[in-house]
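Student: Sharing a sequence plus its predicted fold:
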Amino acid sequence: MTEQHIDPELRRLEEIELLESKGINPYPYSFEKTHNSSEILNNFDDENPANFASVSIAGRIMSFRRMGKATFCHILDQTGKIQLYFKKDEIGDDYDNLKLYDIGDIIGVKGYVFRTKMGEISIHVQTQELLSKSLKPLPVAKEEVDEAGNKIVHDAFTDKESRYRKRYIDLIVNSEIRDTFIKRAKIITTMRNFFDSRGWLEVETPILQPIYGGATARPFVSHHNALDIPLYLRIADELYLKRLIVGGFEGVYEISKNFRNEGMDKTHNPEFTSMEIYVAYKDYEWMMQLTEELINKICTEVNGSEKVTIGDSNISFALPFRRAKMFDLYKEYTGKDLKGLSRDELASAAKEMGIETDKTMSAMKILDLIFGEKVEHRLIEPTFVVDYPIEMSPLAKKHRTEDGLVERFELFVNGSEIANCFSELNDPRDQRARLEEQARIRADGDDEAMVVDEDFLNALEIGMPPTAGLGVGIDRLVMLMTGETSIRDVLFFPQMRPEKVKKAEQNENG
RNA sequence: GACCUCGUAGCUCAGUCGGUAGAGCACUUGACUUUUAAUCAAGUGGCCGCAGGUUCGAAUCCUGCCGGGGUCACCA
């Protein structure tokens, strides 16, 4: 061996060849595990080491401390890290093979559990085998535990771009982020159980849609070759789920990926997950109660308490949540009663609040703007905002007592919306008029306004029972429950701009 | 889309007034049979995001581009 620089990948390839020449398969087919690392760490009893006299465990090598004829290393499995101890006297020739292993390799070992002089529960290895050889170095950080027992990570892999683009590496070297995704799965499972236990049906509806609807948003457009038609990636599943209520199901829900061709930031990814549920013979009052029960249940299941901490905010999901009428909130946070004001009166009210408006803005748009500027970010504790202006909600049913309003609520927590619900509009005459109004707005240049879906109207004409519908933004709910402030940290693979193609490749194509 | 900001070794970062690049860790070689940020000794490693410009000379100054992060706009 020379002391010259050898490319780490080439060196690892050489190691593989060396192993193969010794008859060792660097990529064998299976390994019999008896334990996870956490099972050992949590249950090892110094008084009864015989309980762990023979364990077999597998994982990725995360560190090495080689000391001549003895070696310590840590391996990482799905439940965490555990230390291994290898002794030349014990494993003989295998000890030489150990020198051909690197950080990143996956190995399986058998041995007995003991506690080292320094007090760490470890596995005294009796036999070992390579399960997968890694060819590329990992950006592993060194970890230290201080006197208070706090973990200090030195030079951690923190570059957000690399972490998002190479999530598999991030999950290895910053393995604590797994917890976020485990919580995410648990949130969805809890939600599913909550609905299933009430007898509602989980369904699937088209992602590729010839006519998109159910929300105001710009869609992604695709094209079907055989039919030679444009197809749109769904922006919401509302209209299809309502068709199923028309068809006679009394409770349907879907956990769906939706796609919106809009800007990206820390709360928006082009594809995102939402849950929509529709229950027949119910209204939004009933759904409000169900929603707070659901959110409360999710929080206690996932966090073991009704409270979460996000930044400086401590948020309690204790029941019941606050309920506030939309126009009362305007009064509370702006000091002005905006109810029943004309478009121009709203514009001048906005001006007094220091909010810029222009002539193209509708009354609805101005109200929305004021809400966004003055109210929304102040709704930290869970708050149901109730009863919205009709213009803002073309799929919601007119309020039973209040003119100009619809029966709708949105749930705000920590200054952002996480759920939206209406008493669903089931009067086909009213629905047609509202969609036609949307089409007019669209014709005037608002490409986010809805399009008329004749088949959906036909379904309503067949007849839909009174129905309550709810949508929950799953990504934002996960952010809330995990204390993450960027949607990219609750998605395994957030959308990223592709990296630049290399100059040479560009020239070939150009 | 606009603005601000960042991009230097595999990772985390220094790099002064413009004088052709440095640390720690990782990696390689050697020593070391209970270590733990193991230690000790010696070494390898860079198109300073890319392309131009200014200059005798550019990681450093200027312009454009690429990518990230942030703020705003749009939105859930």
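Tutor: Perfect, thanks for sending it. This is a predicted model, so every value here is computed, not measured.
Student: How about the helix or strand harbouring A:Tyr164 and RNA strand B, any contact?
Tutor: When secondary structure is defined by DSSP states H and E, A:Tyr164 falls within helix A:160-165. Yes: applying CB under 7 Å from any atom of the strand, one finds helix A:160-165 touching RNA strand B at A:160-162, A:164. All C-beta spots, glycine's among them, are computed from the backbone N, C-alpha and C.
Student: A:Glu376: neighbour count?
Tutor: Neighbourhood size, A:Glu376 [other CB atoms under 10 Å]: 18.
Student: Next: the one 10 residues further on.
Tutor: Using other CB under 10 Å, A:Val386 has 22 neighbouring residues.
Student: now the strands for the stretch 51-200 of chain A?
Tutor: All strands of the stretch 51-200 of chain A, identified by DSSP state E, counting those that start in this stretch, fall at A:55-67, A:70-77, A:80-87, A:106-115, A:121-132, A:142-145, A:151-154.
Student: Name the residues of the fifth one that come out as buried.
Tutor: Read that as strand A:121-132. A:121-123, A:125-126, A:128, A:130-131 (16 or more other CB atoms under 10 Å).
Student: now the angle from that strand to strand A:106-115?
Tutor: With axes from the mean of the first three to the mean of the last three CA atoms, to 10 degrees applied, the angle from strand A:121-132 to strand A:106-115 works out at 170 degrees.
Student: strands paired with strand A:121-132, and their directions?
Tutor: With DSSP bridges as the test, strand A:121-132 is paired with strand A:80-87 (parallel), strand A:106-115 (antiparallel).
Student: centre of the chain versus the shortest one, how much separation?
Tutor: Think strand A:80-87. Averaging C-alpha positions (CA atoms, centre = their mean, to the nearest Å) puts strand A:80-87 33 Å from its chain's average.
Student: repeat for the last one
Tutor: Using CA atoms, centre = their mean, the distance from the centre of strand A:106-115 to the centre of the chain it belongs to is 35 Å.
Student: average pLDDT across that strand?
Tutor: Computed over strand A:106-115, the mean pLDDT rounds to 96.
Student: what residues does it touch?
Tutor: By CB atoms under 8 Å, 6 or more residues apart in numbering, the residues outside strand A:106-115 that reach it are A:31, A:33, A:40, A:44, A:46, A:49, A:52-61, A:75, A:84-85, A:101, A:121-132, A:134.
Student: same thing with the first one?
Tutor: Outside of strand A:80-87, the residues within contact range by CB under 8 Å, 6+ apart are A:37-38, A:40-41, A:57, A:59, A:62, A:69-75, A:95, A:98, A:109, A:111, A:114, A:116, A:120-125, A:128, A:175.
Student: Return the members of those classed as buried.
Tutor: Buried among these (16+ other CB under 10 Å): A:37, A:40-41, A:57, A:59, A:62, A:71-75, A:95, A:98, A:109, A:111, A:114, A:121-123, A:125, A:128, A:175.
Student: ok, the residue nearest to A:Asn426 when sequence neighbours are not counted - contacts?
Tutor: Excluding its sequence neighbours, the residue lying closest to A:Asn426 (CB to CB, 6 or more residues apart in numbering) is A:Met464, at 4.2 Å. Counting by CB under 8 Å, 6+ apart, A:Met464 touches A:242, A:245-246, A:424, A:426.
Student: repeat for A:Pro320
Tutor: Here A:Pro320 is in contact with A:289, A:292 (CB under 8 Å, 6+ apart).
Student: Please report phi then psi for it.
Tutor: When read as degrees, to the nearest 10, the backbone of A:Pro320 gives phi -80, psi 160.
Student: distance of it from A:Arg198?
Tutor: Applying CB to CB, to the nearest Å, the value for A:Pro320 to A:Arg198 is 19 Å.
Student: Kindly report the same for A:Lys266.
Tutor: Distance from A:Lys266 to A:Arg198, by CB to CB: 34 Å.
Student: likewise A:Ala217?
Tutor: Taking CB to CB, one finds A:Ala217 at 30 Å from A:Arg198.
Student: Low-confidence stretches in the stretch 401-510 of chain A?
Tutor: A:500-510 (pLDDT under 70).
Student: Let me see the ranges of the strands in it.
Tutor: A:405-413, A:416-423, A:467-473.
Student: Other residues contacting the longest one?
Tutor: If you take CB under 8 Å, 6+ apart as the criterion, strand A:405-413 is touched by A:283-284, A:287-288, A:291-292, A:295, A:315, A:321, A:323, A:376, A:379-390, A:392-393, A:396-400, A:417-423, A:425, A:480.
Student: can you rerun that using 7 Å?
Tutor: With CB atoms under 7 Å, 6 or more residues apart in numbering as the test, strand A:405-413 has contacts from A:283-284, A:288, A:291, A:315, A:376, A:379, A:382-390, A:393, A:396-400, A:417-423, A:480.
Student: If any of these are buried, give me the ChimeraX selection for them.
Tutor: Only the buried entries of the contacts of strand A:405-413 go into this ChimeraX selection, using 16+ other CB under 10 Å:
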select /A:283,284,288,291,315,376,379,382,383,384,385,386,387,388,389,390,393,396,397,398,399,417,418,419,420,421,422,423,480
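Student: filter the contacts of strand A:405-413 down to the ones near RNA strand B?
Tutor: Okay, of those touching RNA strand B (CB under 7 Å from any atom of the strand), that's A:417, A:420.
Student: Out of the helices and strands in chain A, which is least certain?
Tutor: Lowest by mean pLDDT, DSSP states H and E among the helices and strands of chain A is helix A:503-509, with a mean of 36.
Student: mind giving me the domain ranges of chain A?
Tutor: A:3-132, A:142-173, A:178-321+A:381-507 (automatic domain parsing).
Student: that older thread, inside strands: which ones of the contacts of strand A:405-413?
Tutor: When DSSP state E defines the strands, the subset of the contacts of strand A:405-413 inside them is A:315, A:383-389, A:417-423.
Student: what residues are up against the residue nearest to A:Pro382 when sequence neighbours are not counted?
Tutor: Excluding the flanking residues, the one nearest A:Pro382 by CB to CB, 6+ apart is A:Phe321, at 4.1 Å. A:Phe321 sits next to A:292, A:382-384 when contact means CB under 7 Å, 6+ apart.
Student: Of those residues, just say which sits nearest to A:Tyr27.
Tutor: In terms of CB to CB, no member of the contacts of A:Phe321 lies closer to A:Tyr27 than A:Pro382, at 51.0 Å.
Student: how far away is the closest one from RNA strand B?
Tutor: 15 Å (CB to the nearest atom of the strand, to the nearest Å).
Student: Now do the contacts for that residue.
Tutor: With CB under 7 Å, 6+ apart, A:Pro382 has these contacts: A:295, A:317, A:321-322, A:411, A:413.
Student: Equivalent analysis for A:Tyr278, please.
Tutor: So A:Tyr278 contacts A:241-242, A:245, A:252, A:424, A:467, A:469 (CB under 7 Å, 6+ apart).
Student: biggest separation within those, which pair?
Tutor: A:Val252 and A:Glu424 (12.3 Å).
Student: got the residues of the stretch 1-150 of chain A near RNA strand B?
Tutor: So far as CB under 7 Å from any atom of the strand goes, the stretch 1-150 of chain A lies against RNA strand B at A:1-6, A:8, A:11, A:63-70, A:72, A:83, A:85, A:87-89, A:102-103, A:114, A:116-120, A:122, A:124, A:137, A:139-145.
Student: Surely A:Met364 is in a helix?
Tutor: Yes: counting by DSSP: H, G, I helix; E, B strand; the rest coil, A:Met364 falls inside a helix.
Student: Check whether it really touches A:Ser393, as I assumed.
Tutor: No: counting by CB atoms under 7 Å, A:Met364 stays clear of A:Ser393, with 9.4 Å between them.
Student: Let me see the confidence value for A:Gly340.
Tutor: 80.
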